[in-house]
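> One predicted model, sequence on top.
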Amino acid sequence: MFVLGVLLVLLVLQLSESSLQINQYLQGGVSAALESRVSRMNLTVAQGSTARLSCNIRNIEDDGISWIRLKDYHILTNGQVTYTRDARFSILHSPGSGEWSLQIVGVQMRDAGEYQCQAATSTGTITLSTVLHVANPQARILGSREKHGKVGDLVQITCELRDNVGTPEFVFWYHNQTMINFQTGVRVTTSIIGPDVSQLWLASPNTTMSRLDIRRTRMEHAGEYTCAPSNSGNDTIRLYVSADSSLSFQQLEQSSSLTSSNGGQTHLLFISGQISCLFLLLKFVF
């Protein structure tokens with residue numbers, strides 16, 4: 001019985017020690033390893049923006065972690081040292097923290113691809129992959145490439161930004177080469193819209209609409225208008241202003257169409273008369 005009691009005490013002590021080691025193991029470097037062993041992540045950013053590829057691993061040496069670009073197997077960083085001449089790449093790390101994020105400023109289409117954060121720990125090498133997708137959204141001014149108005153009218157020009165990665169920080173409007181967002185007589189309204197089942201037109205997700213209102217159009221308002229968002233390509237249209245306030249552009253188009261139609265009818269009557277004369281001549285001869 002005495003021997004059995006001693007064995008039981010030793011077993012309890014061993015279990016307690018093992019439990020303590022497991023807790024220390026999970027709270028130390030291995031917890032970082034478990035935290036980093038996740039499935040491959042996807043990150044989508046707009047061209048020209050800043051991308052931050054996350055890597056959070058604790059309790060490792062500064063030179064024990066590296067970022068690798070897989071498409072050319074280029075080692076971009078090791079610890080806090082950068083091994084590329086491209087100044088857009090840098091490492092984000094604060095002493096004592098577990099953050100080892102890779103930052104890419106001014107992302108370009110060529111930066112798309114897979115990046116790996118590799119860390120050497122006491123339990124082996126930990127790898128965290130991030131696939132970077134670079135979007136190139138484009139602005140599009142709705143309607144035709146040429147718009148027409150008359151002096152004194154309210155002119156509205158609407159710009160659509162589809163499939164954006166986040167909300168644009170700003171949408172600037174230009175008249176020729178001059179930014180006009182804050183000019184007197186001009187108002188710019190920018191908002192994010194979503195699908196509206198009550199409308200025939202359904203906006204796609206992450207659609208931003210920016211509208212330019214020119215309250216009282218003058219002759220000097222004629223020219224090119226450009227919609228220039230912060231994270232998208234630009235789009236430009238031309239505005240023509242008519243000095244005749246008594247006749248709208250639509251009426252001018254209808255008048256031109258009617259003139260063309262009447263001209264066609266006159267031409268048909270002329271041909272019909274020629275054919276009749278030809279028949280009479282043939283009847284007289286024969």
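Yep, it's here.

> Let me see the contact set for residue 224.
174-176, 236-239 (CB atoms under 8 Å, 6 or more residues apart in numbering). Placement of C-beta: from N, CA and C, glycine included.

> And the strands in the stretch 51-200 of the chain, which stretches?
Per DSSP state E, counting those that start in this stretch, the stretch 51-200 of the chain carries strands over the ranges 51-53, 65-69, 74-78, 81-82, 89-92, 101-104, 113-121, 124-135, 139-141, 146-150, 155-161, 171-175, 178-179, 186-193.

> Redo the ones you listed as TSV? Include mean pLDDT and distance to residue 232.
Below are the strands of the stretch 51-200 of the chain laid out as TSV (pLDDT from 0 to 100; distance: least, CB to CB, whole Å):
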stretch	mean pLDDT	distance to residue 232
strand 51-53	95	17
strand 65-69	94	26
strand 74-78	95	28
strand 81-82	93	30
strand 89-92	95	24
strand 101-104	96	19
strand 113-121	90	22
strand 124-135	89	9
strand 139-141	91	5
strand 146-150	93	21
strand 155-161	92	5
strand 171-175	95	9
strand 178-179	95	16
strand 186-193	87	12
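
> What is the least confident helix or strand in this protein?
helix 29-36 (a mean of 40; mean pLDDT, DSSP states H and E).

> That helix: what's the following helix or strand?
strand 41-46 (DSSP states H and E).

> angle of that next one against strand 113-121?
With axes from the mean of the first three to the mean of the last three CA atoms, to 10 degrees as the basis, strand 41-46 and strand 113-121 are set at 130 degrees to each other.

> Please work out the average pLDDT along strand 41-46.
The average pLDDT within strand 41-46 is 89.

> In that strand, which residues are buried?
Neighbour-count burial for strand 41-46, counted by 16 or more other CB atoms under 10 Å, picks out 45-46.

> Check stretch 119-133 too.
Buried-residue list, stretch 119-133, by 16+ other CB under 10 Å: 119, 121, 126, 128-130, 132.

> Need the max-distance pair from those.
121 and 132 (24.8 Å; CB to CB).

> Neighbours of residue 154, how many?
10 (other CB atoms under 10 Å).

> Relative to residue 171, how far out is the residue lying closest to residue 105 once chain neighbours are set aside?
Excluding the flanking residues, the one nearest residue 105 by CB to CB, 6 or more residues apart in numbering is residue 88, at 4.6 Å. Look at residue 88 and residue 171: by CB to CB, to the nearest Å, they are 25 Å apart.
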